[in-house]
Structures are given as structure tokens and as C-alpha cells.
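A.B. asks: sequence plus predicted model, see below.
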Amino acid sequence: MKSLDISEYMTQLGTRARAASRAIARADDTAKSGALRAIARGLQANRDALIAANAIDLARARDNGLEPAMLDRLKLDDKALSRMIEGLTQIAGMPDPIGEITEVKIRPNGMRVGRMRVPLGVIGIIYESRPNVTIDAAALCLKSGNATILRGGSEAIESNVALGAVIRAGLEEAGLPSDAIQVIETTDRAAVGALVTATEYVDVIVPRGGKRLIARLTEEARVPLIKHLDGNCHVYVDSAADLAQAHTIALNAKTYRFGICGAMETLLVHQSVVTDFLPKLAAELRAREVELRGCERTRALLPDAAVATQEDWFTEYAAPVLAIKVVDSLDEAIDHIEYYGSHHTDSIVTDSVTHARRFQREVDSASVLVNLPTCFADGFEYGLGAEIGISTNKLHARGPVGLEGLTTLKWVLDGEGQQRG
Ligand SMILES: NC(=O)C1=CN([C@@H]2O[C@H](COP(=O)(O)OP(=O)(O)OC[C@H]3O[C@@H](n4cnc5c(N)ncnc54)[C@H](OP(=O)(O)O)[C@@H]3O)[C@@H](O)[C@H]2O)C=CC1
Ligand SMILES: N[C@@H](CCC(=O)OP(=O)(O)O)C(=O)O
């Protein structure tokens, strides 16, 4: 498509999404959950075709030299499809958040003032080459009464177009407008530019991505953003840590899945425990083929670790690489995280309640964990049922965003003709 065509194409998508958003906002839970279950059946019935579409993406990505952790994200196999089907079924069974009225207060004049939960409207989602997100995001937006325009990573285009067809069929089967969930069927990044400036048609953009995406959105976006950005996550092993626990936490935080945004990228270790702690952990990480990069004091203990540069402290590797720094105090650990981190998810390992609470108060991240690996940063793990991602915004929604984060509250007032003044 030429740029002019892209602009026209995006206007059509936007117009249709805006129209469909009204129908979705007033749809009852029977229709919305019925559509989710129909989409789940569609995935089941189209397993082979979906896996075949994904195989085209995977082959192209391999030819282009995509790294193993990224190929893992891109892969759509039977197991991934089963998880997506389960996710749809779970979201279908969750209570409908829309229309609930809470916090009702009766004013002295008898007027009742409350708050009603309503959808945001049309949500544009820009996300990485991870086909399961197409289904997760579509399902959460639908259940929360929003229309959605989905722009997945270009490596996943065949998978996403195939998933889009299944979604459309499921919506139609349930009697809902198929334009409620639309997949952008071009990888031209001009479509991203059009989406983030389409204030007429789009109410909110959820960008899930790294530094390249942030740079563009900071320049161009005019639609409000709920940023789901990079996770440069830390684990700090405190002077008062249980070292056996610290070992399993650090290992899990790094190796659970290298590509997820909640993976640990820098390990900070208090100097008083480093000799007892680090060599054993390093041996285990190396056995799992994790490349280590360290500060001078780390390298004194681990001579084959590479030198960590200033850039390493800022880097989200999303790969089997770990930066390690020895620190002299809790303050130094907190300062490091504040300066180099991305305010996503950070963790302290300590048996000191005082240190734990200081860390939780002072580290300015969306999730601050004590004695837990950072890879727990996930809406399902937090009990939200599912997540659209991890918001690194401070406003509207912070941390894992589930159904509630995709809604807003309006004031609703009931009276009997009371007069002001
Ligand atoms: N906080 C959270 O919930 C999440 C955060 N992430 C973060 O995402 C990153 C990993 O994903 P990765 O795929 O590398 O991220 P990218 O930022 O490279 O890509 C994400 C999406 O943004 C698009 N994009 C990137 N740059 C531009 C641009 N200049 N103009 C238009 N579109 C653009 C990509 O499209 P294209 O395919 O064309 O490059 C893709 O659709 C990590 O930093 C990770 O932490 C990922 C998931 C969830
Ligand atoms: N929070 C989820 C997803 C995280 C995520 O999307 O990560 P990424 O692999 O960067 O796309 C999880 O932990 O599985």
C-alpha cells in the first residue's frame, strides 16, 4: 500500500471501530462472553491453519536471523493455542465490569451520587511479534466493552491476519459487529503514525514495546497513551538476604523466560554477601548459557565475566545476558535502580522488614517485590485473570493491566427533581 492508501485504509478502520464501539459498549455479557467462546471454538477448529500461517512467519524470521528468545515469542504451537483458548474461556467467565455502580453516597438533599464503570471507547494496541497477544488483547478489550484496533509486530503478520479472521467470525456468530476487533493487515509503519494521531477515532493507545517505539510515540502521538514499555528489571540481594532463597530467586528471574519484559536484566549484590553468593549463582547461570557482564568487583570474583559498561546498566537485553554490580548499601542499590531502571518491576531479597519496606517505598516502579523474582510481573499471576500488559504509566493504570484498567468511571446522579440554590 502507498502512504496515501494507508491513510485512507486507517481512516476506514477508525470509522468502523468508532461505529462498532457503541454497539460493544451496550452489549450485554451474554453476547460478549458468547463471542469469546465462539472465538475459542474458532481457534480450536482452525488449529492447523493457524499453525501453518505461523510457520510462514517463523520461516521468514529465521531467515532474517531473529534471535531464539524472539522466535520463542513468535511461535504459535498447539500448546500456545491451548493456552489462548483457556485464556478466552477464563475471560468469558469473569464478571462483566461494565455498568457496575459503586461508591453511592446520599447527599443531604437526598440526591444519590455514584460512579459507573464504562468502557474507554476505541483502544489502539501496538505490540510486539507475539501472536498470543492478539487474542489476549482482543478478549480483554471486548469483555470490557471496547472496540479495538490491533497492530502487532511485523514478524507476526501472517499469524495475526489468520487470527483476525477467526476473531471476526466469532463476533459475527455472537451477533456482534465484526469491526469491534480489527487487525491492521499491513506492516507499513505509516499505519502506526496514522493510528497514534487519529484523535477522532481512537480514545487510547496501548503501546507495548521498547525504545524504538517510545522514540516515535514521544514525537508523534496525539491520542493519550497507556504506555507498556520496556522492562529493565533489577533484583537486589541485600546484606540481610537468605542466600539460598536469593539464589533461586535470581535464577528464576533471569531464566524463566529470557524474552519477557519482567525478566531480570541487572543483578545488584551487597558487598557483604557477594563472595558467598555470586560464584555459585554464576556457575549455574553459565550452565544455562547466560552471558555475564560485571563491574570491577564482580570481575574480581568472576574473571571471565565481560566488563559491564555504562550502557549495560541501561540495557534491557531480553536475551540470555545479565549485568552484575556489587553495591555498598541499600541506598546505592535504590539509587542505581532509580537512575538506570525503567520503572517497570524491581525486587529486593532480604529478611529485614525495614529494608524491605524502605525498598518498596523508595523504588519508583510499577511493581516492587520482596523475596520474589521479577518474572512474576504478570496480570494472571497477580490474580487479574489476564492482562493487556504491564503499564509503565503512573496515571490511569500502573503495573499489570486487566479488565478494570481498560475502563473508566463516570459519575452518575439520581434525584427526584431537587433544585440547586
Ligand atoms: N510493559 C509491557 O507490558 C511490555 C513491554 N514490552 C517491551 O517490548 C520490547 C520488546 O519488543 P520488541 O518487539 O523488541 O519491541 P519494539 O518496540 O521493537 O516493537 C514493538 C511494536 O512497536 C512497533 N514499532 C517499533 N518501532 C516502531 C517505529 N519506529 N514506528 C512504528 N512502529 C514501531 C513494532 O513494529 P515493527 O514490527 O514494525 O518493528 C512492534 O509492533 C521490550 O522492551 C519489552 O520490555 C513488550 C511486551 C509487554
Ligand atoms: N507478563 C507476561 C507477558 C510479558 C510480555 O509480554 O513480554 P514480551 O515477551 O516482552 O512480550 C508474562 O510474564 O508472560
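C.D. replies: In hand now; what should we look at? Numbering: from 1, shown residues only. Ligands and ions are numbered 1, 2, ... in the order given.

A.B. asks: sec struct for His343, please.
C.D. replies: The three-state label given to His343 by DSSP: H, G, I helix; E, B strand; the rest coil is coil.

A.B. asks: that one: what's it in contact with?
C.D. replies: Asp364, Ser365, Ala366, Thr392 (C-beta atoms under 8 Å, 6 or more residues apart in numbering). The way it works is simple: take the backbone N, C-alpha and C, and place the C-beta from them, glycine included.

A.B. asks: Arg112: which of the residues you listed is nearest?
C.D. replies: When the contacts of His343 are compared for distance to Arg112 (C-beta to C-beta), Ala366 wins out at 35.0 Å.

A.B. asks: need the residues of the stretch 1-150 of the chain near ligand 2, please.
C.D. replies: When proximity is defined by C-beta under 6 Å from any ligand atom, the stretch 1-150 of the chain lies next to ligand 2 at Arg73, Glu128, Arg130.

A.B. asks: hmm, I was thinking of the stretch 251-400 of the chain
C.D. replies: With C-beta under 6 Å from any ligand atom as the criterion, the stretch 251-400 of the chain comes near ligand 2 at residues Gly259, Ile260, Cys261, Gly262, Ala377, Asp378, Glu387, Gly389.

A.B. asks: hang on, the earlier thing: buried ones from the contacts of His343, can you make that a PyMOL selection?
C.D. replies: In PyMOL, this line selects whichever of the contacts of His343 come out buried by 16 or more other C-beta atoms under 10 Å:
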select buried, resi 365+366+392
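
A.B. asks: could the contacts of His343 be laid out in CSV, adding distance to Ala300?
C.D. replies: Listed next are the contacts of His343 as CSV, based on distance: C-beta to C-beta, whole Å:
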residue, distance to Ala300
Asp364, 31
Ser365, 30
Ala366, 34
Thr392, 35
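
A.B. asks: how about low-confidence regions in this protein?
C.D. replies: Per-residue confidence of the chain (counting by pLDDT under 70) places the weak regions at 1-4.

A.B. asks: kindly list the longest helix within it.
C.D. replies: As far as residue count goes, and with DSSP state H defining each element, the longest helix of the chain is helix 3-26.

A.B. asks: tell me the first helix or strand C-terminal of that helix.
C.D. replies: Going down the chain from helix 3-26, the next helix or strand is helix 29-45, by DSSP states H and E.

A.B. asks: ranges for the strands of the stretch 251-400 of the chain?
C.D. replies: With DSSP state E, counting those that start in this stretch as the criterion, the stretch 251-400 of the chain has strands at 264-270, 291-294, 306-307, 321-327, 345-349, 367-370, 389-391, 399-401.

A.B. asks: give me the contact list for the next helix or strand after the last one.
C.D. replies: From strand 399-401 onward toward the C-terminus, using DSSP H and E, the following helix or strand is strand 407-414. Residues from elsewhere that reach strand 407-414, judged by C-beta under 8 Å, 6+ apart: 97-98, 101, 111-120, 144-145, 396.

A.B. asks: ok, 6 Å please
C.D. replies: With contacts defined as C-beta atoms under 6 Å, 6 or more residues apart in numbering, strand 407-414 is touched by Pro97, Arg112, Val113, Gly114, Arg115, Met116, Arg117, Val118, Pro119, Leu120, Ser144.

A.B. asks: neighbours of the last one, just the number please.
C.D. replies: In terms of burial, Ser144 registers 28 neighbours under the definition other C-beta atoms under 10 Å.

A.B. asks: contact partners for it?
C.D. replies: Pro119, Leu403, Leu406, Thr407.

A.B. asks: what helices and strands are in contact with the longest helix of the chain?
C.D. replies: With contacts taken as 3 or more C-beta pairs under 6 Å, 6 or more residues apart in numbering; DSSP states H and E, helix 3-26 sits against strand 122-126, strand 147-151, helix 190-196.

A.B. asks: nearest to ligand 1 among the residues of the stretch 1-150 of the chain next to ligand 2?
C.D. replies: Ranked by distance to ligand 1 (C-beta to the nearest ligand atom), these are led by Glu128 at 3.5 Å.

A.B. asks: residues contacting Gln90?
C.D. replies: Gly385.

A.B. asks: check which helix or strand covers it.
C.D. replies: Following DSSP H and E, the helix or strand that holds Gln90 is helix 78-93.

A.B. asks: and that helix, what's buried?
C.D. replies: Ala80, Leu81, Met84, Ile85, Gly87, Leu88, Ile91, Ala92.

A.B. asks: rewinding a little: including mean neighbour count, could the strands of the stretch 251-400 of the chain go into TSV?
C.D. replies: Shown next, in TSV, are those (neighbours: other C-beta atoms under 10 Å):
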stretch	mean neighbour count
strand 264-270	27
strand 291-294	21
strand 306-307	12
strand 321-327	24
strand 345-349	31
strand 367-370	21
strand 389-391	26
strand 399-401	24
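
A.B. asks: among these, which is nearest Ala53?
C.D. replies: Ala53 sits nearest to strand 389-391 of all the strands of the stretch 251-400 of the chain, at 23.4 Å, using C-beta to C-beta.

A.B. asks: check whether the closest one contacts ligand 1.
C.D. replies: Yes: where contact is defined by C-beta under 6 Å from any ligand atom, part of strand 389-391 touches ligand 1, namely Gly389, Ile390.
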